[in-house]
Each structure stands twice: as C-alpha cells, then as structure tokens.
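> Make a model of this:
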Amino acid sequence: MKTPSRTRSVGTKVTTEEYSRLEACARDRQLSVSEWSRQALLAAANVVQGSPGEKAVLAEVIALRTIVANLIYAFTSEGKVTAEQMRAFIERADGTKSNRATEILSQIGRTVKPNPDNKTPSVEEAH
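Model prediction:
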C-alpha cells in the first residue's frame, strides 16, 4: 500500500537547549529531529481528551462512586451515617471529581496505541 504524500508542514522556534533535548530524543530512537518531531506531534494529537460532556459525565460517575464507597464504609463500620458525614462525603467527592476525571482521561490517552496503517507511536513511545 502506498504511503500518502506529505504536503503540509508544521514549524516552531525553540531555544538551543530545547533543540538539544529534541536531538537527544531523536537520537535515542535513531530518527532525524524532523521525523521524531512528526511522530511526537501525531502521538500527542491521538491523546484521548474527551469532550466537555464526556468529562462532565465521567466526573459525576467518579463522584457518585466516591460517595457510595464512603457510605458503604460508614454503614459497615459505624452502622449509620449522619447528615454532617453525608455533606462531607458530597463535598469531598465534588472537590476531586474534575481532577480525577482529567487524570483518568489522561491515562487512557497515554495508552493509545499506534494506528497500524500510519505507524504513529503512542505518547509513551514518542518520548
């Protein structure tokens, strides 16, 4: 199968120190800086970010899971849950749900494997 021709380019300016770091990464993979950069950019573009709606739903599911786990623990250890404990469970879950959803989506993104047709490395492989 013929590889599609590459007709578009992306460019950026970097400092001497930054370029040295890029060269080292490329050298480690036995690639030119240009090819390593192309692969790294494509890998980053494949990271699963999730839409705002998906992030919101995931955050709510995470919060609900946190609340349920806390309730089960409280019932099994104390036999009851006070209104104050319930408020604390909800506040704690609401306070961490967005960050946890972002972390989970980020973890999913880091495990994205290359498409066999274009051989783009995963994010972990690009570094």
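
> Any figure for the gap between the residue nearest in space to the middle of the chain and Ala44?
Central residue of the chain (CA atoms, centre = their mean): Ser106, 1.3 Å from the mean position. Remark: distance between Ser106 and Ala44 (CB to CB, to the nearest Å) = 12 Å. The way it works is simple: take the backbone N, C-alpha and C, and place the C-beta from them, glycine included.

> thinking again about what came up before, what helices or strands is the one helix or strand the residue nearest to the centre of the chain maps to leaning on?
Secondary structure assigned from DSSP states H and E places Ser106 in helix 83-110. Packing partners of helix 83-110 (3 or more CB pairs under 8 Å, 6 or more residues apart in numbering; DSSP states H and E): helix 52-78, helix 123-126.

> would you turn those into TSV with distance to Tyr19, mean neighbour count and mean pLDDT?
As requested, the helices and strands packed on helix 83-110 are exported to TSV (distance: least, CB to CB, whole Å; neighbours: other CB atoms under 10 Å; pLDDT from 0 to 100):
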stretch	distance to Tyr19	mean neighbour count	mean pLDDT
helix 52-78	35	14	93
helix 123-126	17	16	44
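
> Show me the one of those that comes nearest Ser5.
helix 123-126 (22.6 Å; CB to CB).

> where in this structure is pLDDT low?
Counting by pLDDT under 70, the chain shows low-confidence ranges at 46-48, 109-127.

> circling back to that earlier point, okay, angle between the helix holding Ser106 and helix 52-78 too, please.
130 degrees (axes from the mean of the first three to the mean of the last three CA atoms, to 10 degrees).

> And helix 83-110, what's buried?
Going by neighbour count (16 or more other CB atoms under 10 Å), the buried part of helix 83-110 is Phe89, Ala93, Lys97, Arg100, Ala101, Ile104, Leu105, Gly109.

> try stretch 34-54
Applying 16+ other CB under 10 Å to stretch 34-54 flags Trp36, Ser37, Arg38, Gln39, Ala40, Leu42, Ala43, Asn46, Gly50 as buried.
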